[in-house]
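S.K.: With the input below, show me the fold.
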Amino acid sequence: MIQIFSGQLKFVLLFFDLTAFWLAFHVAYGIRHDVWFAMPGEYMWVAILSSILMVIFFQRSDLYKMRQGFMEDLVAVIKSTVLTLLIILAILFYYRDMSYSRVFMTWLAPLLILFVISARWLFQRLVNSLRGVKPALRNSVVIGCGVMGQNLISELSLRPTVYHVVGFLDDNQRVDGFMGKKHLGGLNRLEEVITDYKIHHVFMAISTAHEGLLKKIVAICEEMNVTWRFVPNLYLLPFDDFHLDFVGKIPLIGLKDTNIVGINYVMKRFFDFMMSGLIIIAALPIILIAALSVKLSSRGPVLFTQKRIGLHGEPFDFFKFRTMFVNNDGAIHKQYVAEWIKSNEAHAKDGNSKKIYKIADDPRITKVGKWLRKFSIDELPQLFNVLRGDMSLIGPRPALPYEVEMYSPWHRKRLQAPPGITGLWQVSGRNALSFEEMLNLDISYINNWSFENDIRILLKTVTVVLFGKAY
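M.R.: Here you go, the predicted structure:
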């Protein structure tokens, strides 16, 4: 069957990738220095670190599942290469003991992409020859053409280099075709269709199928040496994030938990530390001007320090430039938060009569404070929170202690990730979102975290701030 040796093949594919990485580094170095396959030690450690990062990103991009098409592989390889080189460049910015050739770094990116894609093409050719399967003959058939079956056909059609759907089987004779795929008859024609069309993949998408029918289809597939898959009925439930686990041989399905754990947390923390340091250096003139403006504009300290709730409910000292008068009444905000969470409705409008979920015309804010908030400059001291590990660049906004006390049990899920300076809900509507909308975006971010999403949110934040949409 198609699954045979798939576990071992992943290690073979890893070997092909690592070989491609090393060839790319040696060729890039040879082009620049005309010395072939003899890199010095200072380049060697860059090659080793890059290889580790590339494998991590490949794993996160599902490049070792071997179920994607050529274009999906290519996009994932390009993204992983770019992210790896960005991290390497950030490290080299701090490492001054050795000057690395710009020609070497310029050649490295395209060579990595070219060699990895070539290696994977060779690997696929090898696998096809071992299996005796020609890519053009990898025909597939879908059983069932209801809502579930139609969605499956649509998804499979997006991967033509992996799956060639010749048609579908359905006992409903009134279904003529879908997306150009032929109705090949009822389920009783399965064996005939497998033989006539040289089928290698059978997909079952029949939500009403009883156990006996499923067992019969599986028996036919096993007997005819055909790969089979089925779509579980859970597909139709209104949840986006399922997690599959096993206890022995018993499958357990539940809602996905936070994705920011293990190596993902390490990657996120490493990126936060490097980027926050770079941003502090780049924004140092703005930080000094803002600090001086706050000090000269009103009485009180430059920094506003407040207890906030961080990862797993742990409190920490939260830094901002002070934007309010000292000794102001905090009850205004506390009352607002209570109303916002319980009623989930806004109680203020902006100057254009647009509903917003933040205190409008707050009398506690200074004139300089309004300007700092408009461009989110008051948030810059939080970069030091990121350096300390209290916060992340991207994540749910850090909650106040009295805010957390008002949370329902499911609200506390947003505490399963490090709080961030910016986040998904800030770039999806800022203060024009309700509490429930904000919470759903936070939880979606936590469950579906990826390095790529963090980069996307960070870039969107720059756009939001530059166009003055920050509150």
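
S.K.: How many residues are close by the nearest residue to residue 450 once chain neighbours are set aside?
M.R.: Among residues not flanking residue 450 along the chain, residue 60 sits closest, at 6.7 Å (C-beta to C-beta, 6 or more residues apart in numbering). C-betas here are computed from N, CA, C, even on glycine. By other C-beta atoms under 10 Å, 19 other residues sit near residue 60.

S.K.: With residue 318 instead?
M.R.: By other C-beta under 10 Å, neighbour count at residue 318 equals 20.

S.K.: is it true that it touches residue 308?
M.R.: Yes. Using C-beta atoms under 8 Å, residue 318 and residue 308 qualify as a contacting pair, with a distance of 3.9 Å.

S.K.: pLDDT weak spots in the stretch 1-150 of the chain?
M.R.: Across the stretch 1-150 of the chain, the ranges flagged by pLDDT under 70 are 1-8, 41, 66-72, 94-100, 128-137.

S.K.: Go again with 90.
M.R.: In the predicted model of the stretch 1-150 of the chain, residues 1-18, 21-22, 24-26, 28-114, 116-117, 119-139, 144-150 satisfy pLDDT under 90.

S.K.: ok, which stretches of it are strands?
M.R.: Under the criterion DSSP state E, counting those that start in this stretch, strands of the stretch 1-150 of the chain are mapped to 139-143.

S.K.: same question, the stretch 301-450 of the chain
M.R.: Under DSSP E, counting those that start in this stretch, the stretch 301-450 of the chain gives strands at 303-309, 315-321, 348-349, 355-356, 392-394, 420-422.

S.K.: Format those strands as a markdown table; extra columns: mean pLDDT.
M.R.: Shown next, in a markdown table, are the strands of the stretch 301-450 of the chain (pLDDT from 0 to 100):
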| stretch | mean pLDDT |
| --- | --- |
| strand 303-309 | 93 |
| strand 315-321 | 95 |
| strand 348-349 | 46 |
| strand 355-356 | 45 |
| strand 392-394 | 94 |
| strand 420-422 | 92 |
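
S.K.: Identify whichever of the ones you listed lies nearest to residue 16.
M.R.: strand 392-394 (33.5 Å; C-beta to C-beta).

S.K.: Which secondary structure state is assigned to the residue of the chain most remote from its centre?
M.R.: Taking C-alpha atoms, centre = their mean, the residue of the chain most remote from its mean C-alpha position is residue 299, at 44.1 Å. Here residue 299 is recorded as coil under DSSP: H, G, I helix; E, B strand; the rest coil.

S.K.: show me what contacts it?
M.R.: residue 326 (C-beta atoms under 8 Å, 6 or more residues apart in numbering).

S.K.: Kindly report the same for residue 26.
M.R.: So residue 26 contacts 36, 37, 39 (C-beta under 8 Å, 6+ apart).

S.K.: For the stretch 201-350 of the chain, which segments count as helices?
M.R.: All helices of the stretch 201-350 of the chain, identified by DSSP state H, counting those that start in this stretch, fall at 211-223, 263-282, 284-297, 331-343.

S.K.: Pull the CA coordinates from the third one and hand them back as CSV.
M.R.: The C-alpha trace of helix 284-297 is given here as CSV (Å, rounded to 0.1, in the frame of the first residue of the first chain):
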residue,chain,number,x,y,z
LEU,A,284,16.0,55.1,20.8
PRO,A,285,15.7,58.7,19.5
ILE,A,286,11.9,58.5,19.6
ILE,A,287,12.0,57.0,23.1
LEU,A,288,14.2,59.8,24.4
ILE,A,289,12.0,62.5,22.8
ALA,A,290,8.8,60.9,24.2
ALA,A,291,10.4,60.6,27.7
LEU,A,292,11.4,64.3,27.7
SER,A,293,7.9,65.4,26.4
VAL,A,294,6.2,63.5,29.2
LYS,A,295,8.5,65.0,31.9
LEU,A,296,8.1,68.6,30.7
SER,A,297,4.3,68.5,30.0
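
S.K.: pLDDT (mean, whole number) over it?
M.R.: For helix 284-297, the mean pLDDT works out to 93.

S.K.: Next, the angle from it to strand 303-309.
M.R.: Using axes from the mean of the first three to the mean of the last three C-alpha atoms, to 10 degrees, the direction of helix 284-297 lies 110 degrees away from that of strand 303-309.

S.K.: same thing with the longest one?
M.R.: For the pair helix 263-282 and strand 303-309, the angle between their directions (the same axes, to 10 degrees) equals 170 degrees.

S.K.: Next, count neighbours for the closest residue to residue 154 other than its chain neighbours.
M.R.: Nearest residue to residue 154 in three dimensions, chain neighbours excluded: residue 179, at 6.6 Å (C-beta to C-beta, 6+ apart). Using other C-beta under 10 Å, residue 179 has 11 neighbouring residues.
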